[in-house]
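J.: return a 3D structure for these sequence lines:
(chains A, B, C and D)
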2 protein chains.
Amino acid sequence: MERDIKIVIIEDDETIRTGYTFLIGNTDGYDVVNAYASYDEAAHHLVADRPDVILLDIELPGTNGIEALPKIKKMLPHCYVLILTVYESQKQIFDALANGASGYLTKGTPAVKIIESIKEVKEGGGPMSVNIARMVISSFMKNQDSPLSKRETQILELVVEGKSRSQIAKELFIDLETVRSHIKNIYLKLDVNSRADAIKTAKENKLI
Amino acid sequence: MERDIKIVIIEDDETIRTGYTFLIGNTDGYDVVNAYASYDEAAHHLVADRPDVILLDIELPGTNGIEALPKIKKMLPHCYVLILTVYESQKQIFDALANGASGYLTKGTPAVKIIESIKEVKEGGGPMSVNIARMVISSFMKNQDSPLSKRETQILELVVEGKSRSQIAKELFIDLETVRSHIKNIYLKLDVNSRADAIKTAKENKLI
DNA sequence: TTTATTTCACCCTAAACGGGTGAAAATTTT
DNA sequence: AAAATTTTCACCCGTTTAGGGTGAAATAAA
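T.: Alright, predicted model coming up:
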């Protein structure tokens, strides 16, 4: 017989917190060991709670969710964290994922769906709403109409890797002066005059 | 009344190709306009086919799926491409997403699920299997136990942005020599002796 | 109370950078 | 076939940067 999945909820809105606590807690196989209104309040209890999964709000008083994530991961490395939020901003999602969140759910998600997500997360998957998946995908998409030629893009990619002209020349079997020429053209097209600015502009416009 | 979703299948395995063609084609609202065994074969017909969604195999004879993707996107900018493959390698998935794929499905996925995914894609979402979502997430995760200190990591991040010592010094309001000192320590810890190698090692170990 | 981190200093040389200008060969587009 | 773009290389110039060595003081953390 399987052990219950132990859950901790960290969410400042009392209605949402007690609501989810009740709904999830009354589901077979799920045990809400504790529910807190802030990370600062939860911090001292988390290790003792030994949760398998934490539902974590981003907009929290005091330490917010993004700041809390690495702290939680340090205390409980094997604990899965599901972010719960109202906003679906790209930066927020990325920060959360980059800081070790296992998944991302928007508030208003029906409890049934959340319960399902918790199970999926425990079983090794990671729930992502289609909207979020889409954002992740779009963030990987290169700009289709880049002002740079193929060769220039290729060289810019090596510049991004921190390589010097001579290293690039060796790698592409072309002359140092040719690399120089390409980089000059890249600067012209991007209207910059340094590697750092070229990288910045290129990333902003998703040319790389 | 809605128009049927027009689908093109590009898949070299005849069993899979005809199987999916039959199953999807016989579903209300879905119209498989054509099915090809390779991209090279499909290339001349795609524009005339005017598909809304393409199911694209990666392992194809001749032009493979990854190579085909940008060509397809150029011909049909508003067409969604769903990658269909047996392997779930991280690099492959990333290449596909980066080249404009709208989603990613593993072969053996039941036709019902594929039909559902096609619909989701058309409606603006993007289907990702939990395993793939997980890989995407894990790729965003920073290594929790980095040998680098906070300041060193911060400086390495600026190095990755192509910034020079003096630019970094200005940005962090510290002396040029201090930046130098940090970079030296980074090199020591990562056992490298150039920016390019530091960036490479840091990325390999997910320190940034 | 050791250890690690963050800060700064000064020695040095070779390499890399960026601006300017020009031009031939190969591709691609028109 | 002609025009435009891309890719390749050349040589002028001065300034900045990079990386190695060595040392050390002030904080902060273990």
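J.: okay, now A:V33: neighbour count?
T.: The number of residues packed near A:V33 is 17, by other Cβ atoms under 10 Å in any protein chain shown. Just so you know, the C-beta spots here come from the backbone N, C-alpha and C atoms, and that holds for glycine as well.
J.: so it is in which element?
T.: strand A:30-36 (DSSP states H and E).
J.: which helices and strands does that strand pack with?
T.: Contacts defined by 3 or more Cβ pairs under 8 Å, 6 or more residues apart in numbering or on different chains; DSSP states H and E place strand A:30-36 against strand A:5-10, helix A:14-25, helix A:39-49.
J.: just the helices in chain A please.
T.: Ranges of helices in chain A, per DSSP state H, are A:14-25, A:39-49, A:65-75, A:90-98, A:111-122, A:130-140, A:150-160, A:165-172, A:176-190, A:195-204.
J.: select from these the stretch with the lowest mean pLDDT.
T.: Ranked by mean pLDDT, those bottom out at helix A:130-140, with a mean of 54.
J.: so which residues on chain A come close to DNA strand C?
T.: Taking Cβ under 7 Å from any atom of the strand, the part of chain A that reaches DNA strand C is made up of A:164-167, A:180-181, A:183-184, A:187, A:193-195.
J.: wait, which of the helices of chain A is closest to B:L82?
T.: With respect to B:L82, and counting by Cβ to Cβ, the nearest of the helices of chain A is helix A:130-140 at 11.7 Å.
J.: wait, A:I54 sits on A:H78?
T.: No: proximity of A:I54 to A:H78 does not meet the contact threshold set by Cβ atoms under 8 Å, at 11.6 Å.
J.: quick revisit: got a list of contacts for the strand holding A:V33?
T.: Strand A:30-36 has contacts (Cβ atoms under 8 Å, 6 or more residues apart in numbering or on different chains) with A:4-11, A:17-18, A:20-21, A:24-25, A:42, A:45, A:49-51, A:115, A:118.
J.: if we go to 10 Å?
T.: Under the contact criterion Cβ atoms under 10 Å, 6 or more residues apart in numbering or on different chains, strand A:30-36 has outside partners A:3-12, A:14, A:17-18, A:20-26, A:41-43, A:45-46, A:48-55, A:57, A:60, A:114-115, A:118-119.
J.: of those, buried ones?
T.: Among these, the ones that count as buried by 16 or more other Cβ atoms under 10 Å in any protein chain shown are A:5-12, A:17, A:20-21, A:23-24, A:41-43, A:46, A:49, A:51-55, A:57, A:60, A:114-115, A:118-119.
J.: returning to that earlier point: can I get the residues of chain A next to DNA strand C in CSV with distance to A:K206 and neighbour count?
T.: Converted to CSV, the residues of chain A next to DNA strand C look like this (distance: Cβ to Cβ, whole Å; neighbours: other Cβ atoms under 10 Å in any protein chain shown):
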residue, distance to A:K206, neighbour count
A:S164, 25, 16
A:R165, 25, 18
A:S166, 28, 10
A:Q167, 25, 18
A:R180, 25, 13
A:S181, 25, 13
A:I183, 20, 19
A:K184, 22, 11
A:Y187, 18, 16
A:N193, 21, 10
A:S194, 20, 13
A:R195, 18, 21
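J.: so which of those residues reach chain B?
T.: Restricting the residues of chain A next to DNA strand C to those near chain B by Cβ under 10 Å from any Cβ of the partner chain leaves A:164, A:167, A:194-195.
J.: widest-spaced pair of those?
T.: Using Cβ to Cβ, the pair of those lying farthest apart is A:Q167 and A:S194, separated by 17.9 Å.
J.: now do stretch A:93-113: distance from first to last residue.
T.: 19 Å (Cα to Cα, to the nearest Å).
J.: how about the residues of chain A that lie near DNA strand D?
T.: A:149-152, A:172, A:174-175, A:177-178, A:180-182, A:185.
J.: buried ones among those residues?
T.: Buried members of the residues of chain A next to DNA strand D, scored by 16+ other Cβ under 10 Å, are A:152, A:182.
J.: chain B: which of the residues of chain A next to DNA strand D is nearest?
T.: Taking Cβ to the nearest Cβ as the measure, A:K150 is the one of the residues of chain A next to DNA strand D closest to chain B, at 10.7 Å.
J.: please look at A:G62 and A:I10 and confirm they touch.
T.: No: counting by Cβ atoms under 10 Å, no contact exists between A:G62 and A:I10, whose distance comes to 11.0 Å.
J.: anything in contact with each of the two?
T.: Listed as contacting both A:G62 and A:I10 by Cβ under 10 Å, 6+ apart are A:37-41, A:43, A:68.
J.: the residues you listed into CSV, with extra columns for distance to A:D145?
T.: Listed next are these as CSV, based on distance: Cβ to Cβ, whole Å:
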residue, distance to A:D145
A:A37, 49
A:S38, 47
A:Y39, 44
A:D40, 48
A:E41, 51
A:A43, 49
A:A68, 41
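J.: what sits closest to the residue of chain A found nearest DNA strand C if chain neighbours are left out?
T.: The nearest approach of chain A to DNA strand C comes at A:N193, 2.6 Å away (Cβ to the nearest atom of the strand). Of all residues not flanking A:N193 in the chain, A:Y187 sits nearest, at 5.6 Å (Cβ to Cβ, 6 or more residues apart in numbering or on different chains).
J.: for A:V53, same thing?
T.: A:Y80 (4.7 Å).
J.: for that neighbour, what are its contacts?
T.: A:5, A:7, A:51-55, A:100-103, A:118, A:120-122, A:124, A:126.
J.: end to end, how far does stretch A:96-105 reach?
T.: So stretch A:96-105: terminal residues 11 Å apart, Cα to Cα.
J.: so how far is it off the chain centroid?
T.: In terms of Cα atoms, centre = their mean, to the nearest Å, the centre of stretch A:96-105 is found 5 Å from the chain centre.
J.: and that stretch, anywhere near chain B?
T.: Yes: if you take Cβ under 10 Å from any Cβ as the test, stretch A:96-105 does meet chain B, through A:96-104.
J.: nearest residue to A:Y39 in space, please, no chain neighbours.
T.: A:A68 (3.9 Å).
J.: do you know how far that neighbour is from A:M75?
T.: Distance, A:A68 to A:M75, by Cβ to Cβ, to the nearest Å: 10 Å.
J.: show me which of these two is the more surrounded one.
T.: The neighbour comparison of A:A68 against A:M75 (other Cβ under 10 Å) goes to A:A68, with 25 against 11.
J.: quick check: the more buried one touching A:I54?
T.: Yes: using Cβ under 10 Å, A:A68 is in contact with A:I54, at 9.2 Å.
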